[in-house]
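A.B. asks: Build me a structure from this.
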Amino acid sequence: MPKIAIAGLGNCASSLLQALGASAKDRLSGLMRERIGPWSCGDIEVVAAFDIDRRKVGLAIGQAAFSAPNCTQVFEPDLSQFSTSVMMGPVLDGAASHMKEYPEEITFAVADLSPVDVAEELRRSGAEILVCYLPVGSEQAVRHYAQACLDSGVALINCVPVFIASDPEWSARFALAGLPIIGDDIKSQLGATVLHRTLLRLFEMRGIRIDRTYQLNTGGNTDFLNMLARDRLASKKKSKTGAVQSSLATALPNENVHIGPSDFVPWQKDNKVCFLRIEGRGLGDAPIELELRLSVQDSPNSAGVVLDAIRCMKLALDHGIGGALTAPCANFMKSPPQQFSDEDAHRLCDEFIDSLHQDQTSSHTGPVPAASFDQDSQ
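C.D. replies: Residues are numbered from 1 along each chain as shown. Sure thing, here's the model as predicted:
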């Protein structure tokens, strides 16, 4: 049974917990993969959580999932099974200074408490995997939790655009410790990035020369409010732009690509609206223009992917695999160590799952050689 800890009990964590609660009652729909290896989503156990908001720290995890400023839709109201208390994490750069200018009901309310020793609490809880859901721009805080994972022998799923799995040095440290890592920056189940990549590939496949493109996003959750601080956006823009550019056979000049958050619209709450535009030319330079509007509930869109990442991580743990997991990273993340097309990433991830699960059900009991599933080695 995968045992997880969560860093950051915001909207995405709320949706993840609701999914686990609904799955335990056999009423969860919309999954990419019903089972991965021997596990359904209902097999995932939450053993620890960390946050910095005084309205969440000290509460049961299930209660904190619905505490302000969380505003994601509620599809599973009964989270009473998540009774472990939320612990105070390190603040570091996890709270942007501009958030103090906004009403408390839509932003952080940092607790006046000393942080716990994250590594010690991870060990004590028996967590195997830490899911990192910290705010965009939390460079120091994410690295603090990554180090705590190394110190406590816990695997890491890094859902935010701080480069850990895609950083060769950090990836090597996890490999040396025999710990798997999946990152960086979660790719939504059907969000702006995966849709943008797919449309650009379609243009190219049909012989359309792409001249320029943009992706603008608006939302009303704390994530969008946090990203009003442009100095916290460098890694996010790099992650989203790189994910889109990597889908093209030839990258566009930087001046012809604009991808990133646009604005915070409070009444949108957890609804994210994406505006896409692609300009191109077909036969005889005849102009072709596409404009599209996508509206999604942001946090369930993320949680649907994390459910798969957790179970893939457990497979790797059970087989003694360390370092960045190439195929799951490419399938689930915007900034993996190695980019593949979304079709190839999905196929390679299925092959990763099948190879390890088949080994679990065979008589073989030792670790699987990395070459049997890691595309870098082929």
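
A.B. asks: Tell me which residues are up against the lowest-mean-pLDDT helix or strand in the chain.
C.D. replies: Least confident helix or strand of the chain, by mean pLDDT, DSSP states H and E, is strand 257-264 with a mean of 87. The contact list for strand 257-264 (C-beta atoms under 8 Å, 6 or more residues apart in numbering) reads 196, 212-220, 224-225, 227-228, 233, 236-237, 240-241, 244-245, 275. (Each C-beta comes from the backbone N, C-alpha and C, glycine too.)

A.B. asks: now, which of those residues lie within strands?
C.D. replies: 212-219, 275 (DSSP state E).

A.B. asks: which pair in those residues spans the largest distance?
C.D. replies: 212 and 219 (24.1 Å; C-beta to C-beta).

A.B. asks: With neighbour numbers in mind, choose between these two.
C.D. replies: residue 219 (25 against 14; other C-beta atoms under 10 Å).

A.B. asks: That one against residue 265, yeah?
C.D. replies: Yes - Residue 219 lies in contact with residue 265 (C-beta atoms under 8 Å); the separation is 6.9 Å.

A.B. asks: Residue 227 - nearest residue in space that isn't next to it in sequence?
C.D. replies: residue 261 (4.6 Å; C-beta to C-beta, 6 or more residues apart in numbering).

A.B. asks: do the same with residue 137
C.D. replies: Per C-beta to C-beta, 6+ apart, closest to residue 137 is residue 232, 2.6 Å.

A.B. asks: Relative to residue 217, how far out is residue 347?
C.D. replies: Using C-beta to C-beta, to the nearest Å, residue 347 is found at 28 Å from residue 217.

A.B. asks: can you pull out the helices in the stretch 201-350 of the chain?
C.D. replies: Remark: helices assigned in the stretch 201-350 of the chain by DSSP state H, counting those that start in this stretch are 222-226, 234-245, 298-318, 326-332, 342-360.

A.B. asks: right, and these - which one's nearest residue 161?
C.D. replies: Taking the helices of the stretch 201-350 of the chain one by one with C-beta to C-beta, helix 234-245 is closest: 4.0 Å.

A.B. asks: what comes up buried for that closest one?
C.D. replies: By neighbour count on 16 or more other C-beta atoms under 10 Å, the buried set for helix 234-245 is 235-245.

A.B. asks: cool, and stretch 178-190?
C.D. replies: 179-190.

A.B. asks: ditto for stretch 89-109
C.D. replies: 89-96, 99, 102, 106-109.

A.B. asks: And for stretch 206-219?
C.D. replies: Here stretch 206-219 shows 208, 210, 213-219 as buried, counting by 16+ other C-beta under 10 Å.

A.B. asks: Including distance to residue 352, could the residues you listed go into JSON lines?
C.D. replies: Putting those into JSON lines (distance: C-beta to C-beta, whole Å) gives the following:
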{"residue": "208", "distance to residue 352": "33"}
{"residue": "210", "distance to residue 352": "31"}
{"residue": "213", "distance to residue 352": "31"}
{"residue": "214", "distance to residue 352": "34"}
{"residue": "215", "distance to residue 352": "29"}
{"residue": "216", "distance to residue 352": "34"}
{"residue": "217", "distance to residue 352": "30"}
{"residue": "218", "distance to residue 352": "35"}
{"residue": "219", "distance to residue 352": "32"}
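
A.B. asks: Out of the residues you listed, flag the one nearest to residue 8.
C.D. replies: Scanning the buried residues of stretch 206-219 for proximity to residue 8, where the rule is C-beta to C-beta, the winner is residue 219, at 16.8 Å.

A.B. asks: Of all the residues in the least confident helix or strand of the chain, which ones are buried?
C.D. replies: 257, 259-262, 264.

A.B. asks: likewise stretch 271-284?
C.D. replies: 271-274, 276, 278-280.

A.B. asks: Not counting its neighbours along the chain, what's nearest residue 291?
C.D. replies: Residue 291 sits nearest to residue 277 (C-beta to C-beta, 6+ apart), 5.1 Å away.

A.B. asks: quick one on the thing from earlier: which of the buried residues of stretch 271-284 fall in strands?
C.D. replies: 271-274, 276, 278-280.

A.B. asks: ok now stretch 294-314, how far from the chain's centre?
C.D. replies: On the basis of C-alpha atoms, centre = their mean, to the nearest Å, stretch 294-314 is displaced by 7 Å from the centre of the chain it belongs to.

A.B. asks: Now do that stretch, average pLDDT.
C.D. replies: The average pLDDT for stretch 294-314 rounds to 97.

A.B. asks: what does stretch 76-95 give?
C.D. replies: Rounded mean pLDDT across stretch 76-95 is 97.

A.B. asks: From the chain's centroid, how far away is it?
C.D. replies: The answer for stretch 76-95 is 17 Å, by C-alpha atoms, centre = their mean.

A.B. asks: picking up where we left off before, walk me through which strands the least confident helix or strand of the chain pairs with, and which way each runs.
C.D. replies: Strand 257-264 has the following strand partners under DSSP bridges: strand 209-219 (parallel).
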